[in-house]
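J.: my questions concern the predicted model and sequence given below.
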Amino acid sequence: MKHARWHRLLLLLLLGLVLSGCFVIEQELDLQAGTPEALVTTRLNVDKSFAGAEMDLFLDSLALSVPSLEQEAAFSRYEVTRDFQRMVVYEWEGQVPQAGRYTLDERHDGSWAFRYDLRPVENLSDHGENGSHILIVSIYLPDDIEFANTLKVDGNHAVWGLTRAELQQGVTLQAVTRAPAPDTDE
């Protein structure tokens, strides 16, 4: 269980780095297997002008501090251009399913209910744009989603973009899949 906490520690450390609009954290939870544990991928997107030797040194220290991180996640670093901005992406792709602060429950009608309570995050910097997303959470569920408290839903995939204000308040992400069609064989 001690090793299963690496993604929560990583997310907390990365949230602590969010000092301006130049950082965006993405967390992807793959729950398609229908178990309470997810394959978790975490990405830190950093403006290229802020990424460099200091960031690499911090991430090397993180890997040394949390040895299970290297055993349970594949690390990569690459560059992309988004919205005319050059970004360095640091990615930890989970190799082992992890339990977390999220739940996935099969309901009596065969549908699935997902819930992820994000506690309030204090002391986020006031730098950057208030309306910009600093945390993006993406999930994949076992079946197509019928309801979610986000407008970004495509089949079994839902995405929430969270702002500084939402993270300071705390937020609950929810989604429910469609119930399987009744068997019409008589």
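T.: That came through, no problem. Residues are numbered from 1 along each chain as shown.
J.: the residue nearest in space to the middle of the chain sits in which helix or strand?
T.: Centroid-nearest residue in the chain: residue 27, 1.6 Å away (criterion: Cα atoms, centre = their mean). Element membership for residue 27, per DSSP states H and E: strand 23-30.
J.: so where is the chain shaky, pLDDT-wise?
T.: 1-22, 50-55, 57-59, 61-69, 123-131, 184-186 (pLDDT under 70).
J.: how far away is the closest residue to residue 170 other than its chain neighbours from residue 172?
T.: In this structure, residue 170 finds its nearest non-sequential neighbour in residue 120, 3.9 Å apart by Cβ to Cβ, 6 or more residues apart in numbering. C-beta here means a position set from N, CA and C on the backbone, and glycine is covered the same way. From residue 120 across to residue 172, the span is 12 Å (Cβ to Cβ, to the nearest Å).
J.: distance of the residue nearest to the centre of the chain from residue 77?
T.: 18 Å.
J.: please apply the same query to residue 30.
T.: Applying Cβ to Cβ, the value for residue 30 to residue 77 is 21 Å.
J.: same check on residue 47?
T.: Going from residue 47 to residue 77 by Cβ to Cβ gives 15 Å.
J.: cool, and residue 171?
T.: Distance from residue 171 to residue 77, by Cβ to Cβ: 29 Å.
J.: between the two, which one's more packed in?
T.: Comparing residue 171 with residue 77 by other Cβ atoms under 10 Å, the one with more neighbours is residue 171, at 19 against 13.
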